[in-house]
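Colleague: With the input below, show me the fold.
(one chain, ligands or ions: 2)
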Amino acid sequence: MSLNRIAICLVILVSLNISSKMYADQTLPLDPNYTIPGVVTDQFTVFTIPTVAKPAYGIPMIDPVFGTSVTRIVGNSGTTVSWAGPPSGSGTWGLNAHHHYSKDQPWNADGTLIAMENDGNAGNLYLDGHTYKPRYKVYSTKGDDRWHPTLPNVRINVRSSGTVLEWVDVTTGTQLRTWTLPFSADGLGSGEGNPSFDGRFVVLSTSTGSSSCVVDMDPQPPLAPYPYKRIGPVYAGAYYPGGDGSEFDWISVSASGKYCVVAYDKPNVNHLRVFDVNSSTLAISPRPMPVDSLECYCHSGDANATQGWIYHLAHADMTLDPFDSNEDILVGQARSSTYCPLTNKEGVALGQVITVRLKDNKVIRGTTPGNESTVHHVSTRSYDRPGWAYASYYTSGKRYSGEVVGVKLDGSGYTERYVHHHSTESTYEVEVHAVPSPDGRRVIFASDWMKYGTGGSSTNFQGYVVDTTPVGDLTHSGWVDMRDLAKFANDWLSTGCITPDWCGGTDLNSSGTVDNVDLAIMAQNWLAGN
Ligand SMILES: [Ca+2]
Ligand SMILES: [Ca+2]
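Modeller: Ligands and ions are numbered 1, 2, ... in the order given. Here you go, the predicted structure:
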């Protein structure tokens, strides 16, 4: 350790008069009752959205209402982007440079990479998950893919041909596992499917639901391990009964792998259906729901309950409910009164975000109602922060207007409010599609920055991250302590720090050098966040 580094440590230790009181680290997964320090939790205030200038690429901006840090993580259309690799390369950012979708976790399992779509000539890229520095160009066989939820660097990919399912290491482009499918699958659940939370199961289907099957990608004892290929029987029953096939929207296995959910999307048809997955045979079959359980618009009646139809939510994602013995749940947007006129369930007033338990179609409150804006997309991809859903709201002048909000799923209606997204949501590409990082402390979102914003563009749709961790949390633990100081000391007096990496984040004020100004910021935030 150089004299400089020793000096800096001593100065900090003395000047901060650190108490001997130990602070408890928040280990992952986080306790469902943990709440992020310093975040706005008032459920009732309607905030006026101030006009804010679009943040510069890679330079954190403090949201004037919520006090959180907002970073634009992509450059403007036409500007050069270089990635480190190997292999290294360069190209341009495009008009659409943002993450994929609200249900597609952009961070990999250990949070070190972010999958970024980019229609500039650089193509899709993987960014450093913390500094947002471009790291790798996308691998060559990418079709419709997701990160493996527990294995860093591994994508679960359905090739464009639809007949090959594979695992690929994105850092090398190496195929790790492969399966030949019994039919041509329409991507991974038609663009909206996910693997089970352990990364073991997926369900794949044709674009009409005419053929579906579950794949066990990682058979466990007493089953033979991979390369034993365990693919369930082909099932024809996800096709909409009596329809023409166009009703089929998406299919996904549930978080536990015990169920599949199919969504149908057509006027007067919008509805969800739950199927059981037989754990021995992987066969799919409709899950009978209680005869009096609640449905919407069509398919009401006991006969349909036996076929797995459930209460309809839109833009819904799946997770496990830690407040209810880790039951599989679906969390989504309350539909309009045309479809589902339910505002109260068993004496509990329902808001815009609603949960349905897959086991028995039980409807549970997410948010509380009353002067609440219309929610748009919901994401439950915070694998390491169970019990929370992340919602993006339309801009309306009501409560949560234009915000990205975390919703505690215990029925209390408790929320954390993170940021104004400043997006018009005028086209699909610029729908906000907020997704939490695995630990839920950061949220990625897309915006044109044209709603109460200056410097935005009606054609350039970009990715942003709102970060609730304190400035100076260089270890990404959620708080600032000695470990962060050690990392800071290591980069002390570094020069030539550039966007978006800023010397590994130690150049806290994005000035180009790591110096006394950064040290002062570090000192100001000492022990913040815990
Ligand atoms: Ca830290
Ligand atoms: Ca600096």
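Colleague: any idea which helix or strand carries residue 176?
Modeller: Element membership for residue 176 (DSSP states H and E) is strand 174-180.
Colleague: Nearest residue to the middle of the protein?
Modeller: With distances taken as C-alpha atoms, centre = their mean, residue 435 lies nearest the centre of the chain, 2.9 Å away.
Colleague: For that residue, give its distance to ligand 1.
Modeller: Look at residue 435 and ligand 1: by C-beta to the ion, to the nearest Å, they are 23 Å apart. Every residue, glycine included, has its C-beta placed from N, CA and C.
Colleague: I figured that residue hits residue 444, correct?
Modeller: Yes: using C-beta atoms under 8 Å, residue 435 is in contact with residue 444, at 5.2 Å.
Colleague: thinking again about what came up before, strands paired with the strand holding residue 176, and their directions?
Modeller: Partners of strand 174-180 in the sheet, by DSSP bridges, are strand 164-169 (antiparallel).
Colleague: Now the partner strand: buried residues?
Modeller: Using 16 or more other C-beta atoms under 10 Å as the burial criterion, the residues of strand 164-169 that qualify are 164-168.
Colleague: and if you look at stretch 522-530?
Modeller: Under the neighbour-count rule (16+ other C-beta under 10 Å), stretch 522-530 has 522, 525-529 buried.
Colleague: what's near enough to touch the one residue in the stretch 151-300 of the chain that gets nearest to ligand 1?
Modeller: Per C-beta to the ion, residue 152 is where the stretch 151-300 of the chain lies closest to ligand 1, at 19.8 Å. Applying C-beta atoms under 8 Å, 6 or more residues apart in numbering to residue 152 gives the contacts 108-110, 112-113.
Colleague: Phi first, then psi, for it.
Modeller: Reported as degrees, to the nearest 10, the phi and psi values for residue 152 are phi -60, psi 150.
Colleague: Got the confidence number for it?
Modeller: Looking at residue 152, its pLDDT reads 95.
Colleague: And it, how close does it get to residue 164?
Modeller: Note on residue 152: its distance to residue 164, by C-beta to C-beta, to the nearest Å, is 23 Å.
Colleague: do the same with residue 387
Modeller: The value you get for residue 387 to residue 164, if C-beta to C-beta is used, is 36 Å.
Colleague: Same check on residue 142?
Modeller: 12 Å.
Colleague: quick revisit: tell me the one of the buried residues of strand 164-169 nearest residue 209?
Modeller: residue 165 (17.9 Å; C-beta to C-beta).
Colleague: In space, what's closest to the closest one - neighbours in sequence excluded?
Modeller: residue 179 (4.4 Å; C-beta to C-beta, 6 or more residues apart in numbering).
Colleague: so the one you found makes contact with residue 231?
Modeller: Yes: if you go by C-beta under 8 Å, residue 179 and residue 231 touch, sitting 6.5 Å apart.
Colleague: Neighbour count: the two, which is higher?
Modeller: Neighbours around residue 179 and residue 231, counted as other C-beta atoms under 10 Å, are more numerous at residue 179. The numbers are 21 against 17.
Colleague: ok, the residue in the chain that ligand 2 sits nearest to - how many residues close by?
Modeller: Residue nearest to ligand 2 within the chain (C-beta to the ion): residue 511, separated by 3.5 Å. Using other C-beta under 10 Å, residue 511 is surrounded by 12 other residues.
Colleague: Surely it is in contact with residue 517?
Modeller: Yes: contact criterion C-beta under 8 Å: residue 511 and residue 517 qualify, at 6.6 Å.
Colleague: which neighbours do residue 435 and residue 444 share?
Modeller: Residues touching both residue 435 and residue 444 (C-beta under 8 Å, 6+ apart): 99, 106.
Colleague: what about residue 522, which SS state?
Modeller: helix (DSSP: H, G, I helix; E, B strand; the rest coil).
Colleague: And it, what's its pLDDT?
Modeller: At residue 522, the model reports a pLDDT of 92.
Colleague: which one is it nearest to, not counting chain neighbours?
Modeller: In this structure, residue 522 finds its nearest non-sequential neighbour in residue 472, 4.5 Å apart by C-beta to C-beta, 6+ apart.
Colleague: And for the one you found, the neighbour number?
Modeller: Residue 472 has 27 neighbouring residues, counting by other C-beta under 10 Å.
Colleague: what's the answer for residue 64, then?
Modeller: Neighbours of residue 64 under the rule other C-beta under 10 Å: 11.
Colleague: Surely it forms part of a helix?
Modeller: No: counting by three-state DSSP, residue 64 is located in no helix; its state is coil.
Colleague: is it true that it touches residue 52?
Modeller: Yes: the pair residue 64 / residue 52 is scored as a contact, 6.5 Å apart, by C-beta under 8 Å.
Colleague: pLDDT and distance to residue 97 added to the buried residues of strand 164-169, as TSV?
Modeller: Formatted as TSV, the buried residues of strand 164-169 follow (pLDDT from 0 to 100; distance: C-beta to C-beta, whole Å):
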residue	pLDDT	distance to residue 97
164	98	28
165	98	28
166	98	26
167	98	26
168	98	22
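Colleague: Closest one to residue 328 out of those, please.
Modeller: residue 165 (22.7 Å).
Colleague: Quick check: residue 378 is in a strand.
Modeller: Yes: the assignment for residue 378 is a strand, going by three-state DSSP.
Colleague: Tell me which residue in the stretch 301-450 of the chain sits closest to ligand 1.
Modeller: Taking C-beta to the ion, the stretch 301-450 of the chain has residue 441 as its residue nearest ligand 1, at 11.1 Å.
Colleague: May I ask you to confirm that that residue is in contact with residue 470?
Modeller: No: counting by C-beta under 8 Å, residue 441 stays clear of residue 470, with 10.2 Å between them.
Colleague: Please name the residues that touch the residue lying closest to residue 54 once chain neighbours are set aside.
Modeller: Leaving out its chain neighbours, the residue that sits closest to residue 54 by C-beta to C-beta, 6+ apart is residue 455, at 3.7 Å. Applying C-beta under 8 Å, 6+ apart, we find residue 455 in contact with 53-54, 449.
Colleague: Can you tell me the element residue 486 falls in?
Modeller: Residue 486 belongs to helix 482-490 when assigned by DSSP H and E.
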